[in-house]
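Enquirer: Got a predicted structure here, sequence first:
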Amino acid sequence: MSTEKVTWRKSAVRDVRPFFGAIALANILDNAELRLFAEGAFSADTTFMIEGSEREQLALALRLNFEASVDYGTIKKNDLVLAVTAVQTFLKKTYVIATLPISKPLPPDLEIPDEVLAQLGGGGNIDVAVALCLGKGLDKRPGAPFLLGHWLAKKTFTLRMPQSAEEFDIESTDDDMWIKLGYPAKTLYAVDYLGGMNEPVHKDSWTAKVRVHADIYKKLTAESNQKVARPVLGSMAAEIACQMLTASFQDWENADEVVAQSPLSALIKRIHRVQPCDLEKLKKLVREPGQSKLRAILHVDQQCVRAIVEA
């Protein structure tokens, strides 16, 4: 694995591939394969669904299947590298796992370290990409790459988990939009309950939309701010859950049972981890003026005290 720190920049605002100076390279990574588990098979598929129980067993590895003996056109082989990256889009984290000069023998398989997956939330919602790109800057020439990181071929493997019943849509919102929505500028966050609290979750719909101020969203998702972000995110998650329960209460106040795979079921399970809870006990917590006990339980579930102490 390369440990050299390299700054990679976005090379174009839109795709203008392939470079006509290296047409033969455009599809050179089509046969690259990904393995999900230690004893699993390699697959050339580009999209994988990871169940929650499988995330702990992930042992990702790439099989490059790179054919080095092709026509490189006007590109010098010594100028090219294979760059392997892993990206968590929500956290806005990107790890350059390896940069491999193609002028040297390439490993048949490349394992993605467990510590990288841990830093990317466990690997359940990431993109793994391998790209043939320039390893150094060159003079500008028509139809040829010239910037460090300019890529000539790329293949991306997408790993996603089924939408959790506890998830909600998060939208970064600037001051102009807050004002248009009737909120004051510098609003921290707001929860808009959309419905379906005691209904089975659907992959293409959300129970709530949560807007977060754009400046705060940027700070909380910055890699350098994770120690500060953790207690803030935990506290916000607890308050958002409390607001969702309050806003949805009329939908399930008269319910006799909790629907399996519903957001309500997921929240009851979370509360039950802290202290015993069922539907009737949850109704009592929501009806309590001020909901101080409900908030306390949700903050404990998010380990807010520990996050603040360790920040």
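Expert: Yep, it's here. Numbers count the residues shown, from 1 in each chain.

Enquirer: Quick check, Gly122 in contact with Glu54.
Expert: No. Between Gly122 and Glu54 there is no contact, the gap being 10.4 Å when judged by CB atoms under 8 Å. Heads up, the C-betas are built off the backbone N, CA and C, glycines and all.

Enquirer: Check what pLDDT the nearest residue to Phe66 once chain neighbours are set aside gets.
Expert: The shortest distance from Phe66 to any residue other than its chain neighbours is 5.8 Å, reached at Leu106 (CB to CB, 6 or more residues apart in numbering). As predicted, Leu106 sits at a pLDDT of 88.

Enquirer: The stretch 1-150 of the chain: strands as residue ranges?
Expert: In the stretch 1-150 of the chain, the strands defined using DSSP state E, counting those that start in this stretch lie at 33-37, 47-49, 58-63, 80-88, 93-101, 109-111, 126-134.

Enquirer: Mean pLDDT lowest where, among these?
Expert: Mean pLDDT is lowest for strand 47-49 out of these, coming in at a mean of 83.

Enquirer: Identify the residues contacting the residue most central in space within the chain.
Expert: Geometric centre of the chain, nearest residue: Gln88, 3.7 Å, by CA atoms, centre = their mean. Taking CB atoms under 8 Å, 6 or more residues apart in numbering, we find Gln88 in contact with Thr94, Leu120, Gly121, Asn125, Ile126.

Enquirer: of the strands of the stretch 1-150 of the chain, which approaches Val300 most closely?
Expert: With distances scored as CB to CB, the stretch of the strands of the stretch 1-150 of the chain nearest to Val300 is strand 80-88 (26.6 Å).

Enquirer: Chain neighbours aside, what residue packs nearest to Phe279?
Expert: For residue 279 the amino acid is Leu, not Phe. That would be Val258: by CB to CB, 6+ apart, it lies 5.3 Å from Leu279.

Enquirer: before we move on, what about Thr173?
Expert: Counting by CB to CB, 6+ apart, the residue nearest Thr173 is Arg211, at 4.2 Å.

Enquirer: before we move on, what about Glu33?
Expert: Phe42 (3.8 Å).

Enquirer: Look up how far Leu106 lies from the one you found.
Expert: 15 Å (CB to CB, to the nearest Å).

Enquirer: How about Ile216, nearest residue that isn't a chain neighbour?
Expert: Leu188 (6.3 Å).

Enquirer: er, Thr156 I mean
Expert: Ala129 (4.3 Å).

Enquirer: Repeat that for Val300.
Expert: For Val300, the spatially nearest residue (CB to CB, 6+ apart) is Val274, at 4.9 Å.

Enquirer: correct me, but Ala44 touches Ala32?
Expert: Yes. Here Ala44 reaches Ala32: they are 7.2 Å apart, a contact under CB under 8 Å.

Enquirer: neighbour count winner among these two?
Expert: Of the pair Ala44 and Ala32, Ala32 is the one with more neighbours under other CB atoms under 10 Å, namely 24 against 13.

Enquirer: Quick check: that one touching Glu67?
Expert: No. Ala32 is beyond contact range of Glu67, at 10.9 Å (criterion: CB under 8 Å).

Enquirer: For Pro200, see how far away the residue nearest to Ile216 is.
Expert: 31 Å.

Enquirer: Repeat that for Val81.
Expert: 47 Å.

Enquirer: ok, the two, which is more surrounded?
Expert: Legend: neighbour count by other CB under 10 Å for Val81 and Pro200, higher for Val81 (23 against 12).

Enquirer: Leaving out the residues flanking it, which one is nearest to the more buried one?
Expert: That would be Gly135: by CB to CB, 6+ apart, it lies 3.8 Å from Val81.

Enquirer: ok, now which ones touch the one you found?
Expert: Asp79, Leu80, Val81, Thr99, Pro101, Leu148.

Enquirer: quick revisit: phi and psi next, for the residue nearest to Ile216.
Expert: phi -70, psi -60 (degrees, to the nearest 10).

Enquirer: and it, what pLDDT?
Expert: pLDDT at Leu188 comes out at 93.

Enquirer: who touches it in this structure?
Expert: So Leu188 contacts Val212, His213, Ile216 (CB under 8 Å, 6+ apart).

Enquirer: helix, strand or coil for the last one?
Expert: So that's Ile216. Of the three states, Ile216 takes helix under DSSP: H, G, I helix; E, B strand; the rest coil.

Enquirer: looking at this, Asp192 is in a strand?
Expert: Yes. Using three-state DSSP, the assignment for Asp192 is a strand.

Enquirer: tell me which residues form a beta bridge with the residue nearest to it when sequence neighbours are not counted?
Expert: Nearest residue to Asp192, sequence neighbours excluded (CB to CB, 6+ apart): Lys209, at 4.6 Å. Beta-bridge partners for Lys209, by DSSP bridges, are Asp169, Asp192.
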